[in-house]
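# give me the fold of what follows.
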Amino acid sequence: MASLKFPVFLFLSSLLLHASLAEIICEDLPKDVCAFSIASSGKRCLLETAMGKEGKVEYQCRTSEVVVERMAEYIETDQCVAACGADRNSIGISSDALLDSQFTAKLCSTACYQKCPNIVDLYFNLAAAEGVFLPDLCNARRSNPRRSMVELIASSGAAAGPVSSQAAASSAVEAPAPSPF
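Here you go, the predicted model:
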């Protein structure tokens, strides 16, 4: 009987070791923890939609090509998601949230900015891709929330709002016609 205990012990130990060394694979994560997670490979997980078998929209967790340099095997806490004003049901990865003043207020709050490096890193890089330095945006947000949003929109290449015909006429400048060649 003692001879059977040792192989059983080894088998159970190998199962526990395998479970403790399990990798985070985005495609294996449930929908409710997918967004803001980082796979063992260091790539961000993102939530996507796909057409299901019966024509219903289904959510799937996928591995993105976005690599996080200083983190891996990380599932964001619900506390950080709430503190940063993030949404676990966000589809894909986008900088659109940075245009929402309520979101940037939470992102720039001490509870998020100082305690949630994963979410801050994600939006730091998204802001940089739009030509905005997140610490500057947060500083501007603290001093003048409306101005910071205008700066973000202007630097993102978004189209300017409508201009009155009087303003357009007063700012019109004559320019030579382009060369035909």
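# now the strands for this protein?
For the chain, the strands defined by DSSP state E occupy 37-38, 43-51, 57-67, 74-75.
# helices or strands next to the first one in the packing?
Contacts of strand 37-38 with other secondary structure elements, assessed using 3 or more Cβ pairs under 8 Å, 6 or more residues apart in numbering; DSSP states H and E, are made with strand 43-51, strand 74-75. In this view, the C-beta of every residue, glycine as well, is placed from N, C-alpha and C.
# could those strands go into TSV alongside mean neighbour count and distance to residue 114?
Listed next are those as TSV, based on neighbours: other Cβ atoms under 10 Å; distance: least, Cβ to Cβ, whole Å:
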stretch	mean neighbour count	distance to residue 114
strand 43-51	17	21
strand 74-75	16	17
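# so for residue 103, which of the strands of the chain sits nearest?
strand 43-51 (17.3 Å; Cβ to Cβ).
# pLDDT on that closest one, on average?
In this model, strand 43-51 has a mean pLDDT of 94.
# again, but for stretch 64-84
95.
# and if you look at stretch 94-105?
91.
# let's have the helices and strands packed on strand 37-38 in a markdown table, adding distance to residue 121.
Output for the helices and strands packed on strand 37-38, formatted as a markdown table (distance: least, Cβ to Cβ, whole Å):
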| stretch | distance to residue 121 |
| --- | --- |
| strand 43-51 | 10 |
| strand 74-75 | 10 |
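# ok, which of the ones you listed comes nearest residue 67?
Of these, nearest to residue 67 by Cβ to Cβ is strand 43-51, at 5.5 Å.
# who touches that closest one?
Counting by Cβ atoms under 8 Å, 6 or more residues apart in numbering, strand 43-51 makes contact with 26, 29, 31, 34-39, 57-68, 88-93, 122, all of which sit outside it.
# now the angle from it to strand 57-67?
Interaxial angle of strand 43-51 relative to strand 57-67 (axes from the mean of the first three to the mean of the last three Cα atoms, to 10 degrees): 150 degrees.
# out of the helices and strands packed on strand 37-38, the one nearest residue 112 is which?
strand 74-75 (15.9 Å).
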